[in-house]
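Chemist: coords below, sequence missing:
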């Protein structure tokens, strides 16, 4: 038979072993949770990156569309300015021709 001191030591050793096993189980559980959260984080990171890439692509497409519209506007404006100058020049030419005709008529009458 073991002495009371030996039994107390054995009981204390058993308690330490039980606590160590419980701590080990808790550590495994926490490690598993950490792994799960890291996996979730990586999935979220991948989703965010995908959304950022999609957003940047959409922005680039909208910028290209905007530039195309601006180029169209600029082209229409340039055509309009050119037509306006042509009409002004044509009108000036018509006025000169009428002025020359009237001057010619006037000069014939004066003679």
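Modeler: Ah, there it is. Keep in mind that what you see is a predicted model, and the values were worked out from it rather than measured. Numbers count the residues shown, from 1 in each chain.
Chemist: now do the strands in the chain.
Modeler: Counting by DSSP state E, the chain has no strands to list.
Chemist: separation between residue 56 and residue 49?
Modeler: Residue 56 sits 11 Å away from residue 49, going by CB to CB, to the nearest Å. All C-beta atoms are positioned from the backbone trio N, CA, C, and that covers glycine.
Chemist: what does residue 36 give?
Modeler: 21 Å.
Chemist: tell me where this structure has helices.
Modeler: 4-110 (DSSP state H).
Chemist: what ranges in it fall below the confidence cut-off?
Modeler: Of all residues in the chain, none has pLDDT under 70.
Chemist: residues in contact with the most centrally placed residue in it?
Modeler: Centroid-nearest residue in the chain: residue 56, 3.0 Å away (criterion: CA atoms, centre = their mean). Contact criterion CB atoms under 8 Å, 6 or more residues apart in numbering gives no residues in contact with residue 56.
Chemist: tally of neighbours for residue 103?
Modeler: 10 (other CB atoms under 10 Å).
Chemist: how far does stretch 23-39 sit from its chain's centre?
Modeler: 37 Å (CA atoms, centre = their mean, to the nearest Å).
Chemist: I misspoke; the intended subject was stretch 95-104.
Modeler: 64 Å.
Chemist: list the contacts of that stretch.
Modeler: Contacts for stretch 95-104 (CB under 8 Å, 6+ apart): none.
Chemist: from residue 34, how far off is residue 20?
Modeler: For residue 20, the distance to residue 34 - CB to CB - is 21 Å.
Chemist: kindly report the same for residue 49.
Modeler: 22 Å.
Chemist: now the common contact residues for residue 56 and residue 49.
Modeler: Residues touching both residue 56 and residue 49 (CB under 8 Å, 6+ apart): none.
Chemist: count the neighbours of residue 84 for me.
Modeler: Other residues close to residue 84 by other CB under 10 Å number 10.
Chemist: and what of residue 87?
Modeler: 10.
Chemist: equivalent analysis for residue 33, please.
Modeler: By other CB under 10 Å, 10 other residues sit near residue 33.
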